[in-house]
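Enquirer: only geometry, no sequence info:
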């Protein structure tokens, strides 16, 4: 079975890819049947050189694009690639760190005392306290 797939040719840390038609059993960096284009994702704007008619020709001959190539081609406007796109498995969500309640670590903030009327008003409203009897 023929596959249209990416073949990495860039150096370490600097990927550049060929878009090739190869037998599905061929090594990833092995021989290929046809070179359809190239893809350089690190330059701005990304370089994507491809002959869409050649891709359509190979698909008609029975070549199946990889899911990655199908996504890229769909983004570039090549029609009919939806059938070749595989659903990506959902990623596991990261666990949120548990928040422990603060017990003895931080002292609770003291609340300000409730407002009390000034001392002058208290004495005017209440009769003065009598001195204790001896």
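Expert: Arrived safely. Computed from a prediction, not measured in an experiment: that's the story for all the values here.
Enquirer: What's the mean pLDDT across stretch 28-42?
Expert: Stretch 28-42 carries an average pLDDT of 89.
Enquirer: all helices for the chain, in order.
Expert: Assigned by DSSP state H, the helices in the chain fall at 52-60, 67-75, 119-125.
Enquirer: Give me the distance between stretch 45-55 and the centre of its chain.
Expert: With Cα atoms, centre = their mean, to the nearest Å as the basis, stretch 45-55 stands 26 Å off its chain's centre.
Enquirer: List the buried residues of that stretch.
Expert: 48, 50, 54, 55 (16 or more other Cβ atoms under 10 Å). Where you see a C-beta, it was placed from the backbone N, CA and C, and this is true even at glycine.
Enquirer: List just the nearest of those residues to residue 4.
Expert: residue 55 (6.6 Å; Cβ to Cβ).
Enquirer: Next one: that closest one, what pLDDT does it get?
Expert: 87.
Enquirer: Hmm, it is touching residue 4, no?
Expert: Yes: using Cβ atoms under 8 Å, residue 55 is in contact with residue 4, at 6.6 Å.
Enquirer: Now do the shared contacts for the two.
Expert: Common neighbours of residue 55 and residue 4, using Cβ atoms under 8 Å, 6 or more residues apart in numbering, are 36, 65.
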